[in-house]
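**Q** sequence first, then the predicted structure, then my questions.
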Amino acid sequence: MGWTTPWAPTRAELAACVECGLCLPVCPTFRLTGDETASPRGRINAMRGVASGLLPLDASVAEVFEFCLQCRACEAACPSLVPFGRAMEGARAEATAALAAARVRRGVAGRWVARRRAVGVATWFAALGQRLGAGRWLPGPLGTGLRGMRRLRFRPRSSLGTTHEAVGMPIGTAALLAGCVMDPWFGEVHRAVIAVLTSAGYRVVVPAGQTCCGALAAHEGRAADADRMAETNRAAFAPFDLVVVDAAGCSAHLVGHGPGPTVEDAVVVVARLIDEGRLPTLPGHGTPVAVQDPCHHRHAQRITAPPRTIVRAAGYVAIDLDPDGMCCGAAGLYSQAHPDTSDQLGRAKADQVAGLGVDVVASANPGCEMQLRARVKTGVRVAHPVELYAEALLAFRRGSTAATPT
Ligand code: SF4
Ligand code: SF4
């Protein structure tokens, strides 16, 4: 029957693969299973089979697509520049269209994250669960998810609709993506980014009309929902020249499906401001911090230097958590759909943290942060790199007036 939706993998995308296999060693699911159908090449061949009508898009073929973490490590390793992430989003959109079970399951990702009331209800129950200690006794991925969360408020303070004036002479206005769960669950990250950008001279606006970036919906095969969210965001961000995004998964999606103005990840903007001398390099205190590279930084956007620049400027000694750049297993809703594989990858990452003996991990993606916090030993802090810098900057300004601009 072939493909049926406008989001399907294109002939050119699939033809780009020359089946060289160079992507296999970097693919986490292939490394775990040794199974060709769990490899990038195998998944592309499954897409080709469906496209040619030789393979029906049934539940077993859909599972070939769904077992993929969409980490895009294969894309970074591919000499033929196969746009694997885009093709996989298209294949999942096809699976969602073809299979009722996938539609029901993915409806959650496509719709509720964009509804602030639904996120608010989920936040309230999660906050209650934290106070009841449910992370310790709830089985499976729900309990793990609760253990990975920051301490939630029942009614979190929202940054939506707020404006923050620049300190000193303004150098421009930046709009901040509030995100779906970033705002209620990771509000401290937004406040740190706003504090640092205003210190550097940006006026920061968090437009009220925006919605979820749509990454989760796109990854889960809800392409139409993702397109609707992109449309809403295009309108909300149209008046701004720069949109700053402080979650790697969201910035990777928006850079690819942009709302119009320039979209940049917060770590890129802040590292540039440090390099330009608009933000000071603070005195080193020698505390080691393990820098974890979210896949949507390292593979999807090739961002690796900026988080290290930021934590060094905050006085830390930056150590690579995983030079191989394996996915931590968070991968959007992957931990709910494939809890065992997700847990295996998460534990491997936590073991790496333990091996380094650090007390601080810097991670710029909410899913990775939760995946790590749920598994690292008590007392290890997991924070966004810009949070570490904002704290160091505040402490320095309170304790001294002699910052050392670069
Ligand atoms: S590296 Fe690229 S061209 Fe080679 S098998 Fe993997 S996807 Fe295909
Ligand atoms: S996106 Fe990640 S899990 Fe999926 S095929 Fe590529 S490397 Fe493997």
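**A** Arrived safely. Predicted model only: the values in this text are computed from it and were never measured. Ligands and ions are numbered 1, 2, ... in the order given.

**Q** CA atoms for contacts and neighbours, from now on please.
**A** OK.

**Q** show me the contacts for Asp320.
**A** 290-292 (Cα atoms under 8 Å, 6 or more residues apart in numbering).

**Q** hang on, I meant Val311
**A** Counted by Cα under 8 Å, 6+ apart, Val311 has contacts 289, 317-318, 362, 385-386, 388-389.

**Q** again, only this time at 7 Å
**A** 318, 385, 388-389 (Cα atoms under 7 Å, 6 or more residues apart in numbering).

**Q** compare the contacts of Asp320 and tell me which has the most neighbours.
**A** Neighbour counts for these, by other Cα atoms under 10 Å, peak at Gln292, which reaches 33 neighbours.

**Q** so it versus Gly249, what's the distance?
**A** 14 Å (Cα to Cα, to the nearest Å).

**Q** what do you get for Glu220?
**A** 13 Å.

**Q** Glu264 now?
**A** 12 Å.

**Q** more neighbours, those two?
**A** Gly249 (28 against 19).

**Q** and the more buried one, what element?
**A** If you go by DSSP states H and E, Gly249 is part of helix 248-256.

**Q** which SSE is Val243 in?
**A** Per DSSP H and E: strand 242-245 holds Val243.

**Q** what about that strand, distance to the chain center?
**A** Relative to the centre of its chain, strand 242-245 is centred 15 Å away, using Cα atoms, centre = their mean, to the nearest Å.

**Q** same check on stretch 72-84?
**A** 19 Å.

**Q** can you give me the buried ones in it?
**A** 72-78, 82-84 (16 or more other Cα atoms under 10 Å).

**Q** so where's the stretch 101-250 of the chain shaky on pLDDT?
**A** Counting by pLDDT under 70, the stretch 101-250 of the chain has low-confidence residues at 101-114.

**Q** now do the residue in the stretch 51-200 of the chain that ligand 1 sits nearest to against ligand 2, distance only.
**A** Proximity of the stretch 51-200 of the chain to ligand 1 (Cα to the nearest ligand atom) peaks at Cys78, 3.7 Å away. Distance, Cys78 to ligand 2, using Cα to the nearest ligand atom, to the nearest Å: 10 Å.

**Q** can you tell me the closest non-neighbouring residue to that residue?
**A** Cys23 (5.9 Å; Cα to Cα, 6 or more residues apart in numbering).

**Q** contacts only, for the one you found.
**A** Going by Cα under 7 Å, 6+ apart, the list of residues near Cys23 reads 40, 74, 77-78.

**Q** nearest to Arg92, of those residues?
**A** Checking these against Arg92 by Cα to Cα gives Pro40 as the nearest, at 14.3 Å.

**Q** how many residues are close by the closest one?
**A** Neighbours of Pro40 (other Cα under 10 Å): 30.

**Q** please report phi then psi for the residue of the stretch 51-200 of the chain closest to ligand 1.
**A** phi -80, psi 120 (degrees, to the nearest 10).

**Q** so, in contact with ligand 2 or not, stretch 274-294?
**A** No. Using Cα under 6 Å from any ligand atom, stretch 274-294 stays clear of ligand 2, with a minimum separation of 12.1 Å.

**Q** tabulate the buried residues of stretch 72-84 (CSV), appending pLDDT.
**A** Shown next, in CSV, are the buried residues of stretch 72-84 (pLDDT from 0 to 100):
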residue, pLDDT
Arg72, 95
Ala73, 96
Cys74, 97
Glu75, 94
Ala76, 92
Ala77, 94
Cys78, 96
Val82, 95
Pro83, 94
Phe84, 95
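
**Q** contact partners of stretch 38-55?
**A** 1-3, 14, 19, 21, 23-24, 27, 29-30, 36-37, 56-57, 64-65, 74, 91.

**Q** how far away from the center of its chain is that stretch?
**A** 27 Å.

**Q** the closest residue in space to Thr232 that isn't next to it in sequence - how many residues pack around it?
**A** Nearest in space to Thr232, with sequence neighbours left out and distances taken as Cα to Cα, 6+ apart, is Gln210 at 6.3 Å. Counted by other Cα under 10 Å, the residues lying close to Gln210 total 24.

**Q** same thing with Val189?
**A** 23.

**Q** how close does it get to Gly140?
**A** Val189 is 27 Å from Gly140, by Cα to Cα.

**Q** and the protein, what are its domains?
**A** 11-98, 280-399 (automatic domain parsing).

**Q** who touches the closest residue to ligand 1 within the stretch 151-300 of the chain in this structure?
**A** Nearest residue of the stretch 151-300 of the chain to ligand 1: His299, at 13.6 Å (Cα to the nearest ligand atom). By Cα under 7 Å, 6+ apart, the contact set of His299 is 72-73, 76.

**Q** repeat that with 10 Å
**A** 71-77, 252, 293, 325-327 (Cα atoms under 10 Å, 6 or more residues apart in numbering).

**Q** any idea how far Ala76 is from it?
**A** 5 Å.

**Q** for Ala247, which non-adjacent residue is closest in space?
**A** Per Cα to Cα, 6+ apart, closest to Ala247 is Asn365, 4.8 Å.

**Q** residues in contact with that neighbour?
**A** Counted by Cα under 10 Å, 6+ apart, Asn365 has contacts 182, 246-251, 292-297, 330, 383-384.

**Q** let me know the pLDDT of it.
**A** According to the prediction, Asn365 has pLDDT 96.

**Q** I'd say Gly120 and Met182 touch.
**A** No. The pair Gly120 / Met182 is not scored as a contact, 11.9 Å apart, by Cα atoms under 10 Å.

**Q** and whichever residue of the stretch 201-350 of the chain sits closest to ligand 2, what does it touch?
**A** In the stretch 201-350 of the chain, the residue that lies nearest ligand 2 is Cys327 (7.5 Å; Cα to the nearest ligand atom). The neighbourhood of Cys327, defined by Cα under 10 Å, 6+ apart, consists of 26-29, 69-73, 292-296, 299, 342, 345-346, 348-349, 368.

**Q** sec struct for it, please.
**A** The three-state assignment at Cys327 reads coil, by DSSP: H, G, I helix; E, B strand; the rest coil.

**Q** do the same with Ala218
**A** helix.

**Q** that one: how many residues sit nearby?
**A** When neighbours are counted by other Cα under 10 Å, Ala218 comes out with 24.
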